[in-house]
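Q: fold the following.
(chains A and B)
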Amino acid sequence: EAGVTQSPTHLIKTRGQQATLRCSPISGHTSVYWYQQALGLGLQFLLWYDEGEERNRGNFPPRFSGRQFPNYSSELNVNALELEDSALYLCASSLGQGQETQYFGPGTRLLVL
Amino acid sequence: DQQVKQNSPSLSVQEGRISILNCDYTNSMFDYFLWYKKYPAEGPTFLISISSIKDKNEDGRFTVFLNKSAKHLSLHIVPSQPGDSAVYFCAASDSGTYKYIFGTGTRLKVLA
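A: Residues are numbered from 1 along each chain as shown, chains lettered A, B, ... in the order given. Just a heads-up that it's a prediction; the model follows:
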């Protein structure tokens, strides 16, 4: 069974541009979570989507947004990129039945120049 | 405000010995805890979890202990193997938000 997939693996942008990151969950999973891991820091919760709806959001500015599609895949959009947005962005999925194990993808490494 | 803390950024252990990774939390509403392992250039991999109704959960070489009064959990790996060398994250959530809060990680190095 395929795990969580993310694309692209690496992304280089310049300050002020927009970045779009994509995630496909494990088949049968309806919840998708996005995390940011900046250098030297732990995973910071960004967003949680379930059944197409945003369920929860971390302490990030509104320029971090996303959506979940009918097939449960998800996009994370980061507008007006800043240098400090350079990080590893991890997507995870779960069955969407409450408190449960999240399974992570390999991540997208975003570099903002 | 770091609600989940892993105060040891790194740990070195001899192969065959026990590795003990610690995690402290401040939010008494947390009732579900997990440990993840992360290799470079890969996403975190789920290891083991524990609900607050238990104080111990075991899976092979991995055992997680939960001390609710101390708001402390630990992961024991026995015996440690070189392939266990990775960064270990603990995470906590409460059944109200289902939002996971991760610690900053402990880098474990198992020496052959």
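
Q: can you list the weak-confidence ranges in the chain?
A: Just going to use chain A. A:1, A:97-99 (pLDDT under 70).

Q: let me rephrase: I mean chain B.
A: B:1, B:98.

Q: show the backbone phi and psi for A:Leu83.
A: phi -60, psi -40 (degrees, to the nearest 10).

Q: quick check: it touching A:Leu110?
A: No - assessed by Cβ atoms under 8 Å, A:Leu83 is found out of contact with A:Leu110, at 11.0 Å. Just so you know, the C-beta spots here come from the backbone N, C-alpha and C atoms, and that holds for glycine as well.

Q: quick one: which of those two has more around it?
A: Using other Cβ atoms under 10 Å in any protein chain shown as the criterion, A:Leu83 and A:Leu110 rank with A:Leu110 on top: 21 against 10.

Q: confirm that one sits in a strand?
A: Yes - A:Leu110 sits within a strand when classified using DSSP: H, G, I helix; E, B strand; the rest coil.

Q: hey, what's it bridged with?
A: Per DSSP bridges, the residues bridged to A:Leu110 are A:Leu11, A:Ala87.

Q: now the strands for the chain?
A: Let's take chain A. Taking DSSP state E as the test, the strands found in chain A are A:5-7, A:10-13, A:19-24, A:31-37, A:44-50, A:53-57, A:64-68, A:74-78, A:87-94, A:103-104, A:108-112.

Q: you answered for a different chain; I wanted chain B.
A: Under the criterion DSSP E, chain B contains strands at B:4-5, B:10-14, B:19-25, B:32-38, B:45-51, B:56-59, B:62-67, B:72-77, B:86-93, B:101-102, B:106-111.

Q: now find how far off-centre the first one is within its chain.
A: Distance of strand B:4-5 from the chain centroid (Cα atoms, centre = their mean, to the nearest Å) equals 10 Å.

Q: what's it in contact with?
A: A:Gly42, B:Cys23, B:Asp24, B:Tyr25, B:Thr26, B:Cys90, B:Ala91, B:Ala92, B:Ile101, B:Phe102, B:Gly103, B:Thr104 (Cβ atoms under 8 Å, 6 or more residues apart in numbering or on different chains).

Q: find the nearest non-adjacent residue to the residue in chain B that chain A sits nearest to, please.
A: Per Cβ to the nearest Cβ, B:Gly43 is where chain B lies closest to chain A, at 3.4 Å. Leaving out its chain neighbours, the residue that sits closest to B:Gly43 by Cβ to Cβ, 6 or more residues apart in numbering or on different chains is A:Phe104, at 3.4 Å.

Q: my read: the one you found touches A:Tyr89, true?
A: No - checked against Cβ under 8 Å, the pair A:Phe104 and A:Tyr89 is beyond contact range at 11.1 Å.
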